[in-house]
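Just need the structure, nothing else, for what follows:
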Amino acid sequence: MAPTKEKHKISAIDRLKNYILVAQPDSLLLISLLTFLLKSRRFPGKRTLAASVANFLGSCHLNRAFAMMEDQKISSGPRNDKMSCAAPNPMHWEDLRARSREEIVNRPGVEISDDHSSYEVGFLNAMYLVDPVRERILELWPDPSRELSEEFQILLIRYLVARNAGPVDGKDVSEKDFPGGVTFFQGPHTLHTAPIAERFGSDPDAFEVRCREFGAVPAPHGDRAMRFLPFPMIPVTYVLWRTDEEFPASVSVLFDSSIARWFEFDMIFTLVRVLTERIVKG
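All right, here's what the predicted structure looks like:
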């Protein structure tokens with residue numbers, strides 16, 4: 001008698017579980033396999049199976065799988081200039097609802113909303129409502145009509161569930177200075193700064209004016225550097241090197257070393273992407 005499709009599924013998952021036991025926990029291959037499960041349309045129980053595998057990988061690797069899915073969507077075709085309003089994966093909302101209210105409001109810049117079921121979160125010069133009951137995120141001010149990208153919504157949720165990393169270290173580092181950063185931040189995970197170099201590479205003064213609109217302040221790096229506080233205790237500095245006769249303009253990013261206690265690499269990557277889009281497009 002031929003084995004059923006269900007048996008095939010269970011056997012495949014069991015083999016994957018056995019592999020996880022002997023593989024490196026942060027193996028990109030494992031994350032790719034999880035990504036495949038999340039994307040697969042071949043069987044109706046894909047989310048249950050993916051959740052089973054995710055339990056072995058841990059939540060941070062589940063986040064990386066979602067990030068890889070986003071990267072693949074970006075690289076598979078032209079990106080729409082208008083921010084989409086797609087919703088985060090339900091697993092992100094489940095993670096948020098599983099946290100206690102006291103734990104969540106312990107993050108700097110987070111308050112309970114008037115309805116006592118949602119959270120108000122500041123990002124740059126704006127305030128957002130994160131509603132885990134209705135699974136929605138809205139901008140309260142200054143632009144309630146703004147459409148919010150899926151990656152930005154995920155970023156807000158991941159901030160709410162992040163461990164409070166405490167005060168800043170006061171030490172600026174690049175993404176390549178983190179253990180494993182050289183390997184991760186390359187190819188599709190290269191920090192998204194090219195649009196800033198293209199727009200402001202020949203005009204550092206305009207770059208500073210634009211950044212000040214978001215509350216950024218000058219920092220002593222490059223031809224012009226501006227330090228942002230996207231979240232109250234997470235400074236991010238953009239360093240602009242202007243174009244000249246020999247070299248094109250370039251932009252690098254510096255982080256306080258404490259950011260690694262707040263976010264995994266995928267969310268650091270997402271944070272820079274979101275910041276760049278806000279600087280360039282508003």
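
Mind listing what's buried along stretch 236-256?
Neighbour counts over stretch 236-256 (16 or more other CB atoms under 10 Å) mark 236-243, 249-256 as buried. C-betas here are computed from N, CA, C, even on glycine.

hang on, I meant stretch 160-171
Of the residues in stretch 160-171, those buried (16+ other CB under 10 Å) are 160-162, 165, 168.

Mind picking the two most distant members of those?
Farthest-apart pair in the buried residues of stretch 160-171 is V161 and V168; separation 20.2 Å (CB to CB).

Which of the buried residues of stretch 236-256 scores worst on pLDDT?
Minimum pLDDT across these is recorded for T243, with 93.

Contacts only, for it.
Taking CB atoms under 8 Å, 6 or more residues apart in numbering, we find T243 in contact with 201-202, 249.

want to throw those residues into a markdown table with secondary structure?
Converted to a markdown table, these look like this (DSSP: H, G, I helix; E, B strand; the rest coil):
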| residue | secondary structure |
| --- | --- |
| G201 | coil |
| S202 | coil |
| A249 | coil |
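
Which of the three states applies to L229?
strand.

since we're on it, how many residues are nearby?
L229: 20 surrounding residues under other CB atoms under 10 Å.

Surely L160 is in contact with E103?
No: assessed by CB atoms under 8 Å, L160 is found out of contact with E103, at 9.1 Å.

Secondary structure class of the closest residue to S258 other than its chain neighbours, three-state.
Nearest residue to S258, sequence neighbours excluded (CB to CB, 6 or more residues apart in numbering): D169, at 4.6 Å. Secondary structure, three-state DSSP: D169 is coil.

how close does D169 sit to Y159?
Distance of D169 to Y159, given as CB to CB, to the nearest Å: 18 Å.

same question, Q153
Counting by CB to CB, the gap from Q153 to Y159 is 11 Å.

related to what we said a few turns ago, so which of the buried residues of stretch 236-256 would you say is closest to F228?
Using CB to CB, the buried residues of stretch 236-256 come closest to F228 at V236, 5.0 Å.

Tell me what that closest one is bridged to.
According to DSSP bridges, the residues that bridge with V236 are F228, F255.

Quickly note the distance from it to V253.
6 Å.

Mind listing the shared neighbours of those two?
Counting by CB under 8 Å, 6+ apart, the shared contacts of V236 and V253 are V272.

give me the low-pLDDT residue ranges for the stretch 51-200 of the chain?
51-86 (pLDDT under 70).

Quick one: the strands in it, in order.
With DSSP state E, counting those that start in this stretch as the criterion, the stretch 51-200 of the chain has strands at 110-112, 119-123, 126-131, 136-141, 172-173.

These: which one's closest to N89?
Of the strands of the stretch 51-200 of the chain, nearest to N89 by CB to CB is strand 136-141, at 13.4 Å.

Parallel or antiparallel, list what pairs with the closest one.
When pairing is defined by DSSP bridges, strand 136-141 lines up against strand 126-131 (antiparallel).

For the strand it pairs with, C-alpha coordinates in CSV please.
C-alpha atoms of strand 126-131 as CSV (Å, rounded to 0.1, in the frame of the first residue of the first chain):
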residue,chain,number,x,y,z
ALA,A,126,5.5,60.4,14.3
MET,A,127,3.2,58.5,16.6
TYR,A,128,1.6,55.1,15.8
LEU,A,129,-1.2,53.0,17.2
VAL,A,130,-0.4,49.3,17.4
ASP,A,131,-3.6,47.3,18.0
